[in-house]
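pasting the structure only:
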């Protein structure tokens with residue numbers, strides 16, 4: 001069975017009360033309140049999906065903390081980045097040792113009237129920053145939070161993931177899973193993938209007893 005990769009298209013993003021405000025803000029592009037925007041939310045909340053939709057729409061270059069950490073970024077490299085068009089910087093709160101570079105990049109984007117979107121798990125005050133001017137810039141930037149998926153979103157995501165894998169599942173299975181899995185989109189993807197494997201291995205449909213057994217094994221660390 002070939003793995004089903006997560007899809008990050010616009011049509012794959014499900015809007016709910018937990019992410020509606022963030023969705024509306026990104027829909028307003030390019031009419032943002034500033035040249036920089038922070039998208040904040042816990043792991044598994046869908047912020048990378050929303051940011052990817054914006055990056056495609058804006059033609060933004062996508063960078064991650066891992067891309068920049070350890071890279072030899074001189075002023076010329078940062079200037080080239082800032083001049084390359086809109087930028088999306090994922091996991092900005094994990095940029096260990098790159099405070100000076102991030103501060104310089106923010107200033108260059110502002111000077112060139114570019115656009116910079118940053119994703120992070122928490123507000124800048126919790127990033128452990130020691131550069132006061134950088135922290136001040138980030139505090140002043142418009143920020144939007146995306147919350148943990150609510151019950152309705154978890155159910156909708158489970159249904160969509162089952163459909164994507166062409167699995168016919170009773171609504172009682174979806175309800176059962178939605179109440180018991182970790183409230184994150186990553187957890188929903190993981191349980192559907194496991195149930196897909198289980199159904200294929202035993203040539204049986206996905207049922208509530210199967211879901212219960214899989215969750216039990218997961219809880220036991222099997």
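Thanks, I have it. Predicted, not measured: the structure shown is a model, and the values here were computed from it.

what number of residues lie near the nearest residue in space to residue 172 that is not next to it in sequence?
Counting by C-beta to C-beta, 6 or more residues apart in numbering, residue 172 lies nearest to residue 208, which is 5.7 Å off, once chain neighbours are set aside. (Glycine included, C-beta is placed from N, CA and C.) Using other C-beta atoms under 10 Å, residue 208 has 15 other residues around it.

and residue 208, backbone torsions?
phi -60, psi -40 (degrees, to the nearest 10).

contacts only, for it.
By C-beta atoms under 8 Å, 6 or more residues apart in numbering, residue 208 lies in contact with 170, 172, 173, 176.

redo that, cut-off 10 Å
169, 170, 172, 173, 174, 175, 176, 177 (C-beta atoms under 10 Å, 6 or more residues apart in numbering).

which strand or helix spans the fifth one?
Of the helices and strands defined by DSSP states H and E, residue 174 is found in helix 171-178.

in the protein, which residue is closest to the centre?
residue 48 (2.3 Å; C-alpha atoms, centre = their mean).

helix/strand/coil for that one?
Assigned with DSSP: H, G, I helix; E, B strand; the rest coil, residue 48 falls in the helix class.

check what pLDDT it gets.
Looking at residue 48, its pLDDT reads 89.

go ahead and confirm it touches residue 89.
No - with contacts counted by C-beta atoms under 10 Å, residue 48 stays clear of residue 89, the gap being 11.8 Å.

between the two, what contacts are shared?
62, 64, 119.
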